[in-house]
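Q: Kindly generate the corresponding structure for this input.
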Amino acid sequence: MTIVIDCHIPFIAEAVRAGWQGVKVLALEPEEITRESLMDAQALVVRTRTKVNEALLSGTPVQLVCTATIGYDHIDTAYCETHGIAWTNCPGCNAQAVCDYVEEAVRTTLQDTGKTTGRLTIGIVGVGHVGSLVAEMAARHGWQVLLNDPPKGLNYPIEEIARQADIITFHTPLDDSTYHLCSGELLALTPPHTLIINAARGGIVDEEALIASGRPYILDTWEGEPALNREVLSHARLASMHIAGYSVEGKKNASEACLCKISQLFGLPILRIDKKIVSLQSLSGDSEPGWLERVSERLKKHPSDFEQLRKQYKLR
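A: Presented below is the predicted three-dimensional model:
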């Protein structure tokens, strides 16, 4: 059996080589994951950079696609399902890391503006794994929390959130119902000081409308990434290269979830990531106060290096 994985997904290759005899792992750069490279592969493990569709999978023996991410809009799930290819994502794997990102984003903004935390109102749009943690974090800080997630019965109107919130943070998947959810019409309802945060998926926020609104914003995900709108980047209060969920613990969770799905489908022993390896890797990241400012400074100086900066980012 052969498993093809994106080489920037940590822990999987080492775990498979140590724990599953007779299973071959081929770790490739995203651009090297092609139809030809999958001709001997039964399982594929990717990140958001790999578009998994008919062009990639047709004629290959792939039986399972795992994405080591929460989002899965890069996978043509309809094609997989109609062709008997199982697929899975990793909901909640990096939820704490994204919550920590939002907390750091707000902390940095408050430090810059001198606002008082206890008087803040935060609107959370999308209250799944990440949004729920953000709500708990906000409550601990004493902020007023407004929740919008109609499928979950959280129906505080998004228009009222726009009118009342000092901060609006988006944590929805990207689909037809959420594309440009943060629109020019919604932004027009907000007070001038309202901070917009998108650490979910590019496309949820209409970037052209955002910059036209004059509202302050912090973006981790972008329309058209890795090619960024330079004007949108330059006006961002803080900016990062889709790394909000990049923590050692989050990556470990995602890798273990992918390994679990592979073991279930192919009848292989359950594998766990070596805690010593995780501990060692956690020492290399930057999680000291101000880390997001440092990331933002690097990206603004080198916007054309978005993908390279993302690959080189040390997990916090």
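Q: Find the nearest non-adjacent residue to the residue nearest the centre of the chain, please.
A: Centroid-nearest residue in the chain: residue 245, 5.2 Å away (criterion: Cα atoms, centre = their mean). Counting by Cβ to Cβ, 6 or more residues apart in numbering, the nearest residue to residue 245 once its immediate chain neighbours are dropped is residue 94, at 3.2 Å. Where you see a C-beta, it was placed from the backbone N, CA and C, and this is true even at glycine.
Q: Just list whatever residues bridge to residue 28.
A: residue 6 (DSSP bridges).
Q: Contact partners for residue 28?
A: 4, 5, 6, 7, 37 (Cβ atoms under 8 Å, 6 or more residues apart in numbering).
Q: If I look at residue 97, what pLDDT would I see?
A: Per-residue pLDDT puts residue 97 at 94.
Q: Name the helix or strand for it, please.
A: helix 95-113 (DSSP states H and E).
Q: Residue 256 is in contact with residue 263, correct?
A: No - applying Cβ atoms under 8 Å, one finds residue 263 not in contact with residue 256, separated by 10.3 Å.
Q: Specify which residue of those two has the higher count of neighbours.
A: Using other Cβ atoms under 10 Å as the criterion, residue 263 and residue 256 rank with residue 256 on top: 20 against 15.
Q: Quick check: the gap between that one and residue 248.
A: 12 Å (Cβ to Cβ, to the nearest Å).
Q: what about the residue nearest to residue 172 when sequence neighbours are not counted, how many residues close to it?
A: Excluding the flanking residues, the one nearest residue 172 by Cβ to Cβ, 6+ apart is residue 126, at 3.5 Å. By the criterion of other Cβ under 10 Å, residue 126 has 24 neighbours.
Q: before we move on, back to that, need the next SSE after the helix holding residue 97, C-terminal direction.
A: Beyond helix 95-113 toward the C-terminal end (DSSP H and E), the next one is strand 121-125.
Q: Tell me the first helix or strand C-terminal of that following strand.
A: Using DSSP H and E, the first helix or strand after strand 121-125 is helix 129-140.
Q: Which parts of that next one count as buried, going by neighbours?
A: 129, 130, 131, 132, 133, 134, 135, 137, 138 (16 or more other Cβ atoms under 10 Å).
Q: coming back round to it: check the gap between the residue nearest to residue 172 and residue 145 for me.
A: Applying Cβ to Cβ, the value for residue 126 to residue 145 is 13 Å.
Q: Please apply the same query to residue 39.
A: Taken as Cβ to Cβ, the span from residue 39 to residue 145 is 51 Å.
Q: neighbour-wise, which of the two wins?
A: residue 145 (19 against 12).
Q: now the host helix or strand of the more buried one: how far from the chain's centre is it?
A: For residue 145, the host element (DSSP H and E) is strand 144-149. Here the centre of strand 144-149 is set off from its chain's centre by 21 Å, with Cα atoms, centre = their mean, to the nearest Å.
Q: Could you do stretch 182-201 as well?
A: 19 Å.
Q: If we go by neighbour counts, what in that stretch is buried?
A: Under 16+ other Cβ under 10 Å, the buried positions of stretch 182-201 are 182, 186, 187, 190, 194, 195, 196, 197, 198, 199, 200, 201.
Q: what's near enough to touch the fourth one?
A: Okay, so that is residue 190. 162, 163, 165, 168, 213, 215.
Q: repeat that for 10 Å
A: 123, 161, 162, 163, 164, 165, 166, 168, 182, 196, 213, 215 (Cβ atoms under 10 Å, 6 or more residues apart in numbering).
Q: can you pull the pLDDT of it?
A: 98.
Q: cool, the second one as well?
A: Taken from the predicted model, the pLDDT recorded for residue 186 is 98.
Q: quick check, it in a helix?
A: Yes - under DSSP: H, G, I helix; E, B strand; the rest coil, residue 186 sits within a helix.
Q: if I look at it, how far off is residue 130?
A: Taking Cβ to Cβ, one finds residue 186 at 20 Å from residue 130.
Q: Same check on the fourth one?
A: Using Cβ to Cβ, residue 190 is found at 22 Å from residue 130.
Q: Over to the last one?
A: Residue 201 sits 11 Å away from residue 130, going by Cβ to Cβ.
Q: Please apply the same query to the fifth one.
A: Computed as Cβ to Cβ, the residue 194 to residue 130 distance reads 20 Å.
Q: Also the third one?
A: For residue 187, the distance to residue 130 equals 22 Å [Cβ to Cβ].
Q: pLDDT wise, what is residue 216 at?
A: 97.
Q: quick one: contacts for the residue nearest to residue 245?
A: Taking Cβ under 10 Å, 6+ apart, one finds 68-70, 100-101, 129-130, 244-247, 249-254 in contact with residue 94.
Q: Much appreciated, bye for now.
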